[in-house]
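>>> Take this sequence and fold it.
(2 chains)
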Protein chains: 2
Amino acid sequence: MNEHQYAVIMAGGIGSRFWPMSRHNFPKQFLDILNTGQTLVQATFQRLTDFILPENIYVVTSNEYVQIVKDQLPMIRKENILGEPSRKNTAPCIAYISFKLMQKDPKASLIVAPADHMIHDRIAFKKVCLEAFSFVNKHNALITLGITPLKPNTGYGYIQRELQSVTDNVYKVKTFTEKPNLDLAKTFLASGDFLWNAGIFVWQVKNVIKAFEIYLPEMFDVFVAEKDAFNTADEKKALEHIYPLCTTISIDFGILEKANNVYVIPASFGWSDLGTWNSVYENLDKDYLGNAIAGRKVMIIDAAKCVVHSGNKKLLVLQGLEDFIVVDSPDVLLICKRDKEQEIKDYVAEVRRNIGDEYL
Amino acid sequence: MNEHQYAVIMAGGIGSRFWPMSRHNFPKQFLDILNTGQTLVQATFQRLTDFILPENIYVVTSNEYVQIVKDQLPMIRKENILGEPSRKNTAPCIAYISFKLMQKDPKASLIVAPADHMIHDRIAFKKVCLEAFSFVNKHNALITLGITPLKPNTGYGYIQRELQSVTDNVYKVKTFTEKPNLDLAKTFLASGDFLWNAGIFVWQVKNVIKAFEIYLPEMFDVFVAEKDAFNTADEKKALEHIYPLCTTISIDFGILEKANNVYVIPASFGWSDLGTWNSVYENLDKDYLGNAIAGRKVMIIDAAKCVVHSGNKKLLVLQGLEDFIVVDSPDVLLICKRDKEQEIKDYVAEVRRNIGDEYL
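Sure thing, here's the model as predicted:
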């Protein structure tokens, strides 16, 4: 493995669409939401070790989750687990790890991976990532992985690629699009040159820092001013200066949609962002009635097409439910129709207003 | 209050139709199933104190529930809580308390009341009971209270009364009937001389003992043989001899359906045997969508006509359910359609077979 290749797992999300399974103090990426025996962040780490040296894998998360990451990834060195003082979306997070790596290894190249996605085919994933590293190590290129769409999903952003590849499987990005409506998504799918934006990026650290200098110069300046503190005892203090000065902005919006050196590699490795209960439902094994059950003691009488999440001790006996989400946690039970999954965040808001924060 | 008037609360049932709220080791009569702030046995005791001296109120229950009765009725004298060595239906239970009281007070008259029924109007109940005591103290009569039916319920046994009352509101019983089908129940209701059999009895102790001698002579003999042990240190040992020799039989079938001195007082005091979730549903307050909620932290989004039982700590968020029973206990969650309430005992059997006794 290449000692100059690094990975950063972004593990700071709060996963409120998976409440009450995902909680403010224990969000989605730390849960075994697919009932595989591994939490999502554990699976993400393991997948990266196929082609990145473990000591080159970093996790950036919220300060409050640092201990959870330590517990779930005991094999990672403590100093590779980085706590952010506040949530500022992906651009400051990527600036942080980039300035830190630049200070340590100016030849660093980096893969940026969300902690809470599913990737089914590790071998295909590794192959695409190595192609990406190979390309960015030869070019000043910012690569994003594009998932070949399987259906007109309206929950994802899309990337339109140029028709001709630059080399092999690498294409210049023509446009990024917002989440489309269904008609537009169908057009995208039919056209063949649109890909799902998976939020997985590969680049040389020095080149993404250049991009910060051009497209997010204020953020760049803030980090430059403190750069000598990285990898020293002052790093934490520096971050507490830096973060309040950073805009809350995504790397996509802040840099990728503006830069002219953005490339995409189309890929098919069984990806989902697991953004909703229905996407989890699609990726869980189902019984012959179409129920996706995570939980060892669930007795289905004649329920169908339900997604059920519970612990392994409590007994659930379910009769007569069709197309429901049933989530039983020790202090909250949620039952709602699968087609109301987008409303779960409203329920969370109502719980906060009417009942209190202790259930969030 | 009359010092020769006694009450016995029969509190030995297992309430399996209310699983998982009602459990083998903590059945229905010990639960606040109507969300009133009192368990059913507590409400039954309190109701009886309106016209029976507290020291004259006894509770007969299974040995395994004696401690629960002590906990829930701390005001009852320990020696008034009687444990049965095994479940033998109501006749042996009533023989036990009757021989015990006879030994102590030959002038005793007794009201027998199930622990797990609902009675809405305590004042009306007291009035009817005092009428019954007044009658049995003058006659060798076995009185059963008959509830004026409100609808053609097929879940209750019916009592047909003679057309002419013997005195005031007391009627001779013509026949007892089994649970009727709907057509027959409608005929009963229309006829006006059928009443629901509430299983609440009033009689002089010496007279019910006479009835045992005539109609259940083997059981009578077994109790007579040990009668000197009652109200002594040997009582518990005597019961362990007696109970295995007793037939398992109800007082209705063993005596009341055969005796010719059985009378009924028609009454209307808002009674239900709370025999099913639907009868509980009918007797709980409902929100404007028809949901009957017992549990302090239940958030209904757009559920309707559900009966929901939960503890007061856990938050339940329910959306999209209609006509469901939702029971959340710490170790079991049951969700089933209200029209499947009769199947709950089958679910219990399946849990026993496939999962284990720890959830029963």
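>>> Get me the contact residues on the stretch 251-360 of chain A for chain B.
Contact residues of the stretch 251-360 of chain A with respect to chain B, defined by CB under 8 Å from any CB of the partner chain, are listed as A:297, A:299, A:301, A:310, A:313-321, A:324, A:326, A:328, A:330-337, A:340, A:343, A:347, A:350-351, A:354-355, A:359. For every residue, glycine as well, the C-beta is placed using N, CA and C.
>>> Which parts of the stretch 251-360 of chain A are strands?
Counting by DSSP state E, counting those that start in this stretch, residue ranges of the strands within the stretch 251-360 of chain A are A:262-267, A:271-272, A:292-294, A:298-300, A:307-309, A:315-318, A:324-328, A:332-337.
>>> Low-confidence ranges, chain A, go.
Low-confidence regions of chain A, defined by pLDDT under 70, are absent; no residue qualifies.
>>> where along it do the helices fall?
Remark: helices of chain A, listed N- to C-terminal, are A:40-48, A:66-72, A:90-104, A:122-136, A:182-191, A:205-215, A:217-225, A:235-245, A:251, A:277-283, A:344-354; assignment by DSSP state H.
>>> rewinding a little: only whichever of the residues of the stretch 251-360 of chain A next to chain B are buried, select them in ChimeraX.
The command below creates a ChimeraX selection of those among those that count as buried (16 or more other CB atoms under 10 Å in any protein chain shown):
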select /A:297,299,301,310,314,315,316,317,318,319,320,321,324,326,328,332,333,334,335,336,337,340,343,347,351,355,359
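>>> For the residue nearest to residue A:125 when sequence neighbours are not counted, grab the count of nearby residues.
Closest residue to residue A:125 apart from its sequence neighbours, by CB to CB, 6 or more residues apart in numbering or on different chains: residue A:269 at 4.4 Å. In terms of burial, residue A:269 registers 21 neighbours under the definition other CB atoms under 10 Å in any protein chain shown.
>>> Might one say that residue A:269 is in contact with residue A:129?
No - taking CB atoms under 8 Å as the definition, residue A:269 is not a contact partner of residue A:129, at 9.5 Å.
>>> ok, the residue nearest to residue A:125 - contacts?
Residues counted as contacts of residue A:269 (CB atoms under 8 Å, 6 or more residues apart in numbering or on different chains) are A:119, A:120, A:121, A:122, A:124, A:125, A:128, A:147.
>>> Just give me the closest of the residues you listed to residue B:14.
Out of those, the one with the shortest distance to residue B:14 is residue A:120. That distance is 49.1 Å, counting by CB to CB.
>>> quick one, what contacts the closest residue to that closest one other than its chain neighbours?
In this structure, residue A:120 finds its nearest non-sequential neighbour in residue A:270, 2.5 Å apart by CB to CB, 6+ apart. Counting by CB under 8 Å, 6+ apart, residue A:270 touches A:118, A:119, A:120, A:121, A:124.
>>> now the first one, which residues is it bridged with?
Here residue A:118 sits in beta bridges with residue A:272, going by DSSP bridges.
>>> ok, now residue A:109?
Per DSSP bridges, the residues bridged to residue A:109 are residue A:5, residue A:204.
>>> Would you agree it is in contact with residue A:136?
Yes - the criterion here is CB under 8 Å, and residue A:109 meets it with residue A:136 at 5.7 Å.
>>> Need the overlap of contacts for those two.
Common neighbours of residue A:109 and residue A:136, counting by CB under 8 Å, 6+ apart, are A:202, A:203, A:204.
>>> right, and the second one touches residue A:109 too?
Yes - taking contacts as CB under 8 Å, residue A:203 lies within contact range of residue A:109: 6.7 Å.
>>> the more surrounded of these two?
A count of neighbours by other CB under 10 Å puts residue A:203 above the other of residue A:203 and residue A:109, at 31 against 23.
>>> got a list of what that one touches?
Contacts of residue A:203 by CB under 8 Å, 6+ apart are A:109, A:110, A:136, A:141, A:142, A:143.
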